[in-house]
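Visitor: Fold the following.
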Amino acid sequence: MGLLNKFRSLLIGLVMSSSVLAETKVEVTLVDKLDEARGFCFDTLGFQTRARPEEGLQTHSCYSYQGQLAVDQAFDADQIPNGIFRIIDFDLCMTLTGTSAGSKFALEPCDGGALQQFEHRDNGRVMAKAAPGNCATASEGPSRHGGGGEPVHLIRDLTLEVCDPSRDARQQWRLRTEAD
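Guide: Predicted structure coming up:
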């Protein structure tokens, strides 16, 4: 590893350290609620503290309606402007599994690599820097039922797809600190 890469890794580690920055928790939620009144959020597979981050990200009913942000949906708002989507309680970063349409989103140790760089644009799109013109996209069609909740929580896949105005309802994301 070259000196520049070592320095970059060290700097990213320092920035990511919770002792360096206060962390502001946010949900990444679709602007359009589609068929889920509570909204859809970036979410790990599994349930909150029993989450399985090694299985990647999906979209799921937002938990903020319960009065707080869930550990498996709370991202570090302070890092998103830097292109980093870090899920705080697992200290893992959103990572592309590939750069072609249909690629999924994994959660991996934060290393600042190209597959962990995103841009949350003013129009709400979360665009992958390693795959220009492609956005984080909730899947089409009706949602699938999750394993709990009242009413039952809903799930949609989260994939990388070509950014397109016809997909605005499934490609425009916002940040929020509480249910609205």
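Visitor: can we go C-alpha only for contacts and neighbour counts from here?
Guide: Fine.
Visitor: For Asp35, which residues are in contact?
Guide: By Cα atoms under 8 Å, 6 or more residues apart in numbering, Asp35 lies in contact with 142-143.
Visitor: Which residue is the nearest non-sequential neighbour of Ala77?
Guide: Spatial nearest neighbour of Ala77, excluding adjacent residues (Cα to Cα, 6 or more residues apart in numbering): Thr24 at 5.3 Å.
Visitor: ok now do the one you found, which residues does it touch?
Guide: Going by Cα under 8 Å, 6+ apart, Thr24 touches 75-78.
Visitor: for the residue nearest the centre of the chain, what are its contacts?
Guide: By Cα atoms, centre = their mean, the chain has its centre lying nearest to Phe42, at 4.4 Å. By Cα under 8 Å, 6+ apart, Phe42 lies in contact with 27-29, 57-60, 73, 158.
Visitor: for the residues you listed, which one is nearest Gly148?
Guide: His60 (11.4 Å; Cα to Cα).
Visitor: Tell me the bridge partners for the closest one.
Guide: On the basis of DSSP bridges, His60 is bridged to Cys41, Ile155.
Visitor: On the pLDDT front, check it for me.
Guide: His60 is assigned a predicted lDDT (pLDDT) of 94.
Visitor: nearest residue to the residue nearest to the centre of the chain other than its sequence neighbours?
Guide: Thr59 (4.8 Å).
Visitor: any idea how far that neighbour is from Glu23?
Guide: Counting by Cα to Cα, to the nearest Å, the separation of Thr59 from Glu23 is 22 Å.
Visitor: Which stretches in the chain count as helices?
Guide: 3-16, 168-171 (DSSP state H).
Visitor: quick one: terminal-to-terminal distance for stretch 163-170?
Guide: So stretch 163-170: terminal residues 10 Å apart, Cα to Cα.
Visitor: now swap in stretch 147-167 and tell me
Guide: 27 Å.
Visitor: Show residues contacting that stretch.
Guide: Residues from elsewhere that reach stretch 147-167 (Cα under 8 Å, 6+ apart): 36, 40, 42, 57-61, 99-105, 125, 133-140, 143-146, 171.
Visitor: What subset of those is buried?
Guide: 36, 40, 42, 57-61, 99, 102, 104-105, 125, 134-139, 143, 171 (16 or more other Cα atoms under 10 Å).
Visitor: just checking, Val28 touches Arg176?
Guide: Yes - Val28 is within contact range of Arg176, at 6.9 Å (criterion: Cα atoms under 8 Å).
Visitor: neighbour-wise, which of the two wins?
Guide: Between Val28 and Arg176, Val28 has the larger neighbour count (other Cα atoms under 10 Å), namely 25 against 16.
Visitor: By mean pLDDT, flag the weakest helix or strand of this protein.
Guide: helix 3-16 (a mean of 44; mean pLDDT, DSSP states H and E).
Visitor: Can you pull the poorly scored residue ranges out of the chain?
Guide: Applying pLDDT under 70 to the chain flags the ranges 1-22, 48.
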